[in-house]
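For reference, the sequence and a predicted model appear below.
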Amino acid sequence: MKKLVCLLVSLVLVFAMATALADITVGIVNNPPSESGYREANVKDFEAVFSAENGYEAKTFYSLKNDEQLAAAQQFITDGVDYLLISAAATTGWDQVLTSAQENGIGVFLFDRMIDCDESLYEAAVVSDMANQGVTAVDWLLSQNLPEYNVIHIQGVMGNDAQIGRTAALDEQAAAGTVHIVVQQTAEWSADTAKEIVESVINSGEPFNVIYAENDDMAKGAVQALDEHGITHGVNGDVIIMGFDTNKWALRELKAGSWNYDGQCSPFQAQVISDMIQKLEAGESLDLESKQVISVEKGFDAKTLTDEDIETYGLGE
Amino acid sequence: MKKKNGFFARNAQLIVPLLSILALIVFNLFRDPSFFSISLSVNNSGNTVLTGNLISILNGASELAVLAMGMTLVTAASGGQDISVGALAAIAGSVFVKVLRAGEITPVTVVVAFLLCCVVAMIFGVFNGTLVAVFKIQPMIATLVLYTCGRSIAYWINGGASPTVASPILTAIGSFIPGVPIPTPILIVALCGVIFALVFRFTTLRLYTQAVGINQRAARLNGINAVGIKILAFMILGICCAVSGCIAVARLGYLNHETVLLEIEMDAILAVAIGGNALGGGRFKMAGSVLGAYAIQTLTTTLYAMRVPSTAVKSYKAIVIILIVVIGSPMVKEAFGRMVGRIKAARADGKEAA
Amino acid sequence: MQNDVVLTMRGICKSFPGVRALHNVDFTLRSGEVHALMGENGAGKSTLIKVLTGVYGKDAGQIAIEGKEVAIRSPQDAQASGISTVYQEITLCPNLTVAENMFIGRDKSALVPWKEMERKAGELLRSLDIPARPKQQLSSCSLAVQQMIAIARAVDQHCKVLVLDEPTSSLDDNEVAMLFKLMRDLKSRGVGIVFVTHFLGQVYEISDRITVLRNGELVGEYKVEELPQLDLVSKMMGKELDDLSAISVSGKETGAKGETVYEAKGLSSAACPNPFDFHIAKGEVNGFTGLLGSGRSESVRAIFGADRVTGGSVTMNGQSVKVQKPIDAMRKGIAYLSEDRKDDGIIADLSVRENIILALQVMKGFGKPISQADAEAFADEYIKALEIKTASTDTPIKSLSGGNQQKVILARWLLTHPQYLILDEPTRGIDVGTKTEIQRLVLKLSSEGMSVTFISSEIEEMLRTCSRLIVMRDRHIVGELTGDALTQDNVMRTIAGGGN
């Protein structure tokens, strides 16, 4: 429906202005889809929203390297795009490019990742709040009212935004004494390593009843270790399994009752940005409370998850 | 004049990896006497299986052990290392998943998928080998190409991140065959070891590889096709990559091309070095590299069991590895040899005096 | 032209661990002369050059330029003292222009006066008659012109002494002529030129004086017209002609006894570009002789297919065969013991046993390994037969002495039971006892019907074993000696090219 509206709006614009430049051109600078399942969904989302039928002409550039991204953004400015949408590989070094965009009257939107620069250089930044994802997950855990919480905490690559945010909420509860962390170890997003970590806890004989893995892959590895050692898990099992990133395959594990919780990290920022662009094009102001627009992100409970949720929010296939 | 060297002299190379494993074992027993206890338990598929840290170590090191075997051969023949093994394993795993997802998973399709991913990995191996042997590019530089783009190729093959496959056959390969209490990857490593032993027994691969690695010009003048031997070594390493890629896929029933066997090339090279094999090529003992792989895994498991903080785990690993490598270095070996000589001489003096 | 002394080296000594490379060597160079420095390999020529140009420090002795003693501790010192060197391999930058190559890196200033540089380069090229333009990229010039540009660069650095180390080894006749023209030109400008070469003809064409070294000692300094080519060869080899003739050839039975085993027509290889004909009969022992670099090794390597074969036809026992690479030759019953034992012979880290069976194993094929027991038996057999001194068959060959290593390699080839065995310098660098053992072995093998080609730097050895000697000079076969003509005197005359 929204798409149809967009289409109509753009068609109206085309006829009203009767110029050849009716399409809104956007330059999208992102990381390559092969980076992760998250990025794949992110890239697909932007390509779907900023499409020709929605009245956009999108130029895209994908790289993991900041300097290549900077060069591409500069090229987009030279090409005279109307808006520049950026998910930066690194948070620094962007001031000059963003200033140049501003001088050329190009609106800049950041998505997924913040950039270290003055707020005035961009219209808005649509990002996830990793800390909030952690809080949502830990709140859900505490709402399970277990007699005690013995948690195996499997971390992502240390220092990564997602790791810091998702670790913080659990650390806070551990400090407060509400949960006991049996082991806290990094598996660097890898399922294999997560499996080895959980195995070492099982072999040590120390009891645990929660696995808090900072992404779906590591949760999968952890579950594999439980299965090989005959420990039950999931909705009616002994161990609660928590993951993040809402891959479709992970949500299916939830649906099957094998896992308990999966926290969303939304890659769907395109529609929010598109809406804001349409506002600007119509001459309205954005009226944002803060330039940092936080994506709405959910936590899914195996007991309430629906097939529709899997289709809507699941990443990959 | 025809005195035979004893078993220990011939296998002196294995002392360092064996000692490092032994030291880790003693350390662990001291720390937790039940560390190496093995028990029988019933897993969630209803199989009675062996569990315990020892099993975890042997199981977890499987991919590394297979890669270390192939890496030994490449190191011996070319005097350099292949840093693309992780990426190539990801490609092979990706091919495996692609074929399995094409239809129903039956024993036949699994075999076909495995053979196909072996072929693909061999082709990439020949590519690496040709760069090294024919174009005489430094192995590390030659394999940098695949190291850089391999995981993107793995992504491209399946056209999506982390595709999943599920089948009891894969579970049998990746974890346990019903009725067999030992994890299948351990059996696969043993099978690979046996295959290599047979190849060395029934072909001249070992002699040729060593000859080419030590003195390529002389090898050529003795009629050995040095270029062919080097390419063959890379091809065999390709098959090893395919095997470990398939184990990794079967273990978890999915493939994440970005994290699967990440940075395993460094561990594989390290295993070869800990095994006492010269990284400059020449003589080699594959058993040394396999022991090296188990030593690395024992270390990893030990660190997890010790609950070392996440931020410090790499530093701990580095310290122990530096120790092992220094103990295995020629300088220390020489000094040790001198010490043994002095002790023997002193003992002989003592006997004479008596 | 008789001029002032520009360079004197007095009492130069230089030792390396275990080797006395130079002992009390004098060398005098006058301005405006071309002075050839001659000697067999290992005589000390290159060590002397490297001491002069500051690559090596000297242990004792003095170097003086125009009468003033100078201390040369590095190549930079040598350059500052007016000594320039042009090495065999060109050490310029192929992707820079001619002018840049001539001037770059010569002064410390960061600013490069490009125009000035090109003008000067043009002048210098014209004055030396070098066919190159300043703006031309160096790699587009022929090797000879590149060589000349390197010389021009050296000369322009106000050099008094120019050292040319084997400058002609990769040039053809026309290019050599061009280079000699340039050398004469420089000579007339008063530059003293030290000329190192192994081409005898070129020495007589261009040099004024010759200094001969042997075994790290000075033999003498001679004017060219006072030293006939034959005398030069005998001085290089350290044999007086009369002495040489006096040695009688020991009775030997290594003449052709039967049909031709191997015959090549017009054979050539990448390393041996001049086609040659060669044949050997059953039970015959023959040899290639000539100075080092005369092409004797390259010829036998072509027979074995060790270098890329570029032409020619080969018949063995009357049948036409193709020998493109070593394995082809091995399958046809040819064995080749290479000249360079360390780089082309031994597999240093492998055991004596593995080194012995290697060639036989390769001939058997990849899928047919020799069993441990058989290998052990073969190794024991040859260790006994050749009296190889080794702790065990498991001992790495690198821990054996040179002579024993050589015997292991010999065993390797004998084990293949070849009908034709090529031995390239089998006696070099090994003790006298082993040398005679090897010679005796060659005679024994030939009496058993094996054909052997034997190469040695020591002519006596060849005279003692060979019934026919093929003499090479400057990569061509220049003579063949058999029967009564086989005397040291004749051999040296043929090598020198003087004739009778």
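Arrived safely, thanks for sending.

Roughly how far does A:Val201 sit from chain B?
Distance of A:Val201 to chain B, given as Cβ to the nearest Cβ, to the nearest Å: 8 Å. Where C-beta positions appear, they are placed from N, C-alpha and C, glycine not excepted.

I would like the residues contacting the helix or strand where that residue lies, please.
Per DSSP states H and E: A:Val201 is located in helix A:191-204. Here helix A:191-204 makes contact (Cβ atoms under 8 Å, 6 or more residues apart in numbering or on different chains) with A:152, A:154, A:182-183, A:185, A:187, A:208, A:211, A:213, A:217-222, A:224-226, A:228-229, A:231, B:32, B:35, B:51-53, B:56, B:60, B:248, B:251-252, B:254, B:256, B:259-261, B:300-301, B:304-305.

Just want the most central residue of chain B.
Nearest residue to the geometric centre of chain B (Cα atoms, centre = their mean): B:Ala68, 2.2 Å.

what about the helices in the stretch 201-317 of chain A?
For the stretch 201-317 of chain A, applying DSSP state H, counting those that start in this stretch gives helices covering A:216-228, A:248-255, A:270-281, A:307-313.

Sort out which residues of the shortest one are buried, please.
The reference is to helix A:307-313. By neighbour count, with 16 or more other Cβ atoms under 10 Å in any protein chain shown as the criterion, the buried positions of helix A:307-313 are A:Asp309, A:Ile310, A:Tyr313.

Taking chain C, what residue is nearest to chain A?
With Cβ to the nearest Cβ as the measure, C:Asn95 is the residue of chain C nearest to chain A, at 27.6 Å.

Find the nearest non-adjacent residue to B:Arg10, please.
Setting aside the residues directly before and after it, B:Arg10 is nearest to C:Asp394 in space (Cβ to Cβ, 6 or more residues apart in numbering or on different chains), at 7.3 Å.

cool, C:Tyr56 as well?
In space, not counting the residues next to it along the chain, C:Tyr56 is nearest to C:Lys50; the distance is 4.6 Å by Cβ to Cβ, 6+ apart.

How far does the host helix or strand of the one you found sit from its chain's centre?
C:Lys50 is located in helix C:45-52, with elements delineated by DSSP H and E. Offset of helix C:45-52 from its chain centre (Cα atoms, centre = their mean, to the nearest Å): 17 Å.

Against which helices or strands is it packed?
When contacts are defined as 3 or more Cβ pairs under 8 Å, 6 or more residues apart in numbering or on different chains; DSSP states H and E, helix C:45-52 sits against strand C:5-16, strand C:19-30, strand C:34-38, strand C:161-165, strand C:192-196.

Make TSV out of these and add distance to C:Thr390, mean pLDDT and mean neighbour count.
Conversion of the helices and strands packed on helix C:45-52 to TSV gives the following (distance: least, Cβ to Cβ, whole Å; pLDDT from 0 to 100; neighbours: other Cβ atoms under 10 Å in any protein chain shown):
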stretch	distance to C:Thr390	mean pLDDT	mean neighbour count
strand C:5-16	28	89	18
strand C:19-30	25	88	19
strand C:34-38	40	92	24
strand C:161-165	40	89	24
strand C:192-196	40	91	24
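
Run the contact check for the helix or strand where A:Glu68 lies versus chain B.
Using DSSP H and E, the secondary-structure element containing A:Glu68 is helix A:66-79. No: using Cβ under 8 Å from any Cβ of the partner chain, no contact is recorded between helix A:66-79 and chain B, whose separation bottoms out at 14.0 Å.

Grab the CA positions of that helix and hand them over as CSV.
Extracted in CSV, the C-alpha atoms of helix A:66-79 (Å, rounded to 0.1, in the frame of the first residue of the first chain):
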residue,chain,number,x,y,z
ASN,A,66,36.5,3.3,4.5
ASP,A,67,38.8,5.0,1.9
GLU,A,68,37.0,3.4,-1.0
GLN,A,69,33.7,4.4,0.6
LEU,A,70,34.9,8.0,0.9
ALA,A,71,35.9,8.1,-2.7
ALA,A,72,32.6,6.7,-3.8
ALA,A,73,30.7,9.2,-1.7
GLN,A,74,32.7,12.1,-3.2
GLN,A,75,31.9,10.7,-6.7
PHE,A,76,28.2,10.6,-5.9
ILE,A,77,28.4,14.3,-4.8
THR,A,78,30.1,15.1,-8.1
ASP,A,79,27.5,13.2,-10.0
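
tell me what it is packed against?
Helix A:66-79 is packed against strand A:24-30, strand A:56-62, strand A:83-86, helix A:95-103, with contacts defined by 3+ Cβ pairs under 8 Å, 6+ apart.

check contacts around the residue nearest to C:Met38 when sequence neighbours are not counted.
Counting by Cβ to Cβ, 6+ apart, C:Val212 is the residue found nearest to C:Met38 once chain neighbours are left out, at 5.0 Å. If you count contacts by Cβ under 8 Å, 6+ apart, C:Val212 has them with C:Met38, C:Gly39, C:Leu218, C:Val219, C:Gly220, C:Glu221, C:Tyr222, C:Leu232, C:Lys235, C:Met236.

mind running it again at 10 Å?
Counting by Cβ atoms under 10 Å, 6 or more residues apart in numbering or on different chains, C:Val212 touches C:36-40, C:43, C:45, C:218-222, C:227, C:231-232, C:235-236, C:238.

which stretches of the stretch 51-200 of chain C form strands?
Secondary structure of the stretch 51-200 of chain C by DSSP state E, counting those that start in this stretch: the strands cover C:60-65, C:68-69, C:83-86, C:161-165, C:192-196.

and if you look at chain B?
B:39-42, B:48-51 (DSSP state E).

nearest to chain C, of those strands?
Shortest separation from chain C across those is recorded for strand B:48-51, at 36.6 Å, computed as Cβ to the nearest Cβ.

gap between stretch A:193-204 and the chain center?
Centroid displacement of stretch A:193-204 relative to its chain, using Cα atoms, centre = their mean, is 28 Å.

I misspoke; the intended subject was stretch C:114-126.
In terms of Cα atoms, centre = their mean, the centre of stretch C:114-126 is set 38 Å apart from its chain centre.

again, but for stretch B:324-334
Its chain's C-alpha centre lies 21 Å from the corresponding centre of stretch B:324-334 when counted by Cα atoms, centre = their mean.

what's in contact with that stretch?
Among residues not part of stretch B:324-334, those counted as contacts by Cβ under 10 Å, 6+ apart are B:12-13, B:15-17, B:19-21, B:23-24, B:270, B:273-276, B:278, B:288, B:292, B:295-296, B:299, B:335-336.

Can you flag the buried ones in those residues?
Among these, those that count as buried by neighbour count (16+ other Cβ under 10 Å) are B:13, B:15-17, B:20-21, B:23-24, B:270, B:273-276, B:278, B:288, B:292, B:295-296, B:299.
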